[in-house]
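> the following comprises the amino acid sequence and a computationally predicted model.
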Amino acid sequence: MEKCYTRNQIKKAVIDLGYNWFESGEYNVNIVGVRNSDTGIEVTNKFDDCMTISYKIGDEWQFHCYKCTTDPGTHWVENIMRKEGVAVLKPGQYKSSHKLRLHQGKYLALGQQNPVTVYRDNNRDSKYDLNENNTQTGLFGINIHRATGRSGKTSSRIDKWSAGCQVIASNDDWHEFLDICQIAREKWSNNFTYTLIDSKHII
């Protein structure tokens, strides 16, 4: 996704889809992923989606938009870890779905703590199968984390970075995002709602 969006565009899309938008208090974060509808069901293996975070400091809104992937990479599409198939998170709002904890026991990230719904794609081809009759709801480790661990670097290919996780490409972007989430945890609680929408719903 070459362009990013404005906070007002994200807010309108979220509300139009009937989801909650948090406005009360400081650092009451709205974490919204935007899946690139332009690529359809093609497995691009690129960070062509957006991760956004909106919140207030005082009465002033803050907004950040980061390059990310909301889809699994080619490696895990072709080398599925479960017989049901690779996980592709279904768009929706998942209340208190994540909390700050270690990702794979290695570094602080947003780890899944409550059920989400995923499509299962098990035919190992170059298309995501988004079949409403082949979904699962549960705890699958659909975390929100970074790609490269190298400061100042940005990953360009998903490859093994995502088997269904939501992954921010730039290390610097990731640390900015994480710092915001840590402040939000202190002001509210260690419960984060994640909303995933399709870019076709943004006007």
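It's in.

> mind listing what I41 touches?
By Cβ atoms under 8 Å, 6 or more residues apart in numbering, the residues touching I41 are 127-130. Every C-beta, even on glycine, is put in place using the N, C-alpha and C of the backbone.

> any idea which of those residues is closest to E42?
K127 (6.5 Å; Cβ to Cβ).

> just checking, the closest one touches T39?
No - counting by Cβ atoms under 8 Å, K127 stays clear of T39, with 10.6 Å between them.

> top of the contacts of I41 by neighbour count?
For the contacts of I41, the largest number of neighbours (other Cβ atoms under 10 Å) sits with Y128, at 19 neighbours.

> that one contacts Y119, correct?
Yes - with contact defined as Cβ under 8 Å, Y128 and Y119 form a contacting pair (7.2 Å).

> which helix runs longest in this structure?
The residue-count maximum for a helix in the chain (DSSP state H) belongs to helix 171-187.

> which helices and strands sit right next to it?
Applying 3 or more Cβ pairs under 8 Å, 6 or more residues apart in numbering; DSSP states H and E, we find helix 171-187 packed against strand 49-57, strand 60-69, strand 92-103, strand 107-112, strand 144-146.

> now that helix against strand 49-57, angle please.
With axes from the mean of the first three to the mean of the last three Cα atoms, to 10 degrees applied, the angle from helix 171-187 to strand 49-57 works out at 40 degrees.

> check which residues of helix 171-187 are buried.
171, 173-174, 177-178, 180-181, 184-185 (16 or more other Cβ atoms under 10 Å).

> format the residues you listed as CSV; extra columns: pLDDT and distance to R7.
What follows is the buried residues of helix 171-187, written out as CSV (pLDDT from 0 to 100; distance: Cβ to Cβ, whole Å):
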residue, pLDDT, distance to R7
N171, 98, 24
D173, 98, 17
W174, 98, 20
F177, 98, 15
L178, 98, 20
I180, 98, 14
C181, 98, 17
A184, 98, 16
R185, 98, 21
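
> excluding chain neighbours, give the residue nearest to G141 in space.
Spatial nearest neighbour of G141, excluding adjacent residues (Cβ to Cβ, 6 or more residues apart in numbering): Q112 at 5.9 Å.
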